[in-house]
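> got a predicted structure here, sequence first:
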Amino acid sequence: MRSKVFWISLYLLMDVALATELIPNLTHGGEKSKICAACHNTDGNSVVPAWPKIAGQPERYLIEQLKEYRKGDKGSRFNPVMYGIIQALSDQDIVDLAGYFSSQKPTPGTAKAEAVLLGEKIYRGGNPKTGVPACGSSCHGAKGEGNVPAGFPSLQGQQSDYIIEQLKAFKSGVRANDPNAIMRDIAKRMTEEEIQAVGHYVSGLH
């Protein structure tokens, strides 16, 4: 698994120029953010558990996700609500929005006390018996800060319901836009209890 993460990271770093060809205009991004405000707030800090906080996420990650959403049912992350909102956005619009939300400060979250023990165990140590790697050391950082150069998302303070939903989507294959199926391989090895615990645990990281 560590070797797989290394090669994915290397691939993403080599390809970074393709995602950052256009220069983000943060002023324009702030203006365009109005179309996102109903769900994510103008600063990217959603207060609805099912909708993710996008403030402070790596610019590269946001660009990649928005482009996947824009593909509609031809892409590997179809969401009819997101598609309806961003289908007409240009590449520059996407870069501007990504730059703007990436520059915003994320708000902290809280972890359910009953999820901390198992959540921390899986996040920091994985589950060697089932081949689940440690989330922090593998991709997302000790504090859930993510990996900006590689484009791996920040998890700290993220809405727990959203994290749980995404892990389940990876596990079932409904979401399939992870490089080399890395998240699908991990999620399918996780139990429902582990998914719930990790989802709640990362919400309290900061």
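Ah, there it is.
> okay, now Pro128: neighbour count?
Pro128 has 9 neighbours, counted by other CB atoms under 10 Å. Just so you know, the C-beta spots here come from the backbone N, C-alpha and C atoms, and that holds for glycine as well.
> oh, that last question was meant for His28, not what I typed.
The burial count for His28: 16, using other CB under 10 Å.
> give me the distance between it and Gln92.
Here His28 is placed at a distance of 8 Å from Gln92 (CB to CB, to the nearest Å).
> chain neighbours aside, what residue packs nearest to Glu165?
Nearest residue to Glu165 in three dimensions, chain neighbours excluded: Ala50, at 6.9 Å (CB to CB, 6 or more residues apart in numbering).
> check contacts around the one you found.
Applying CB atoms under 8 Å, 6 or more residues apart in numbering to Ala50 gives the contacts Gln159, Asp161, Tyr162, Glu165.
> for the one helix or strand the third one maps to, packing partners?
Per DSSP states H and E: Tyr162 is located in helix 160-172. Of the remaining helices and strands, those touching helix 160-172 by 3 or more CB pairs under 8 Å, 6 or more residues apart in numbering; DSSP states H and E are helix 182-187, helix 192-203.
> what mean pLDDT does it get?
Averaging the model's pLDDT scores along helix 160-172 yields 98.
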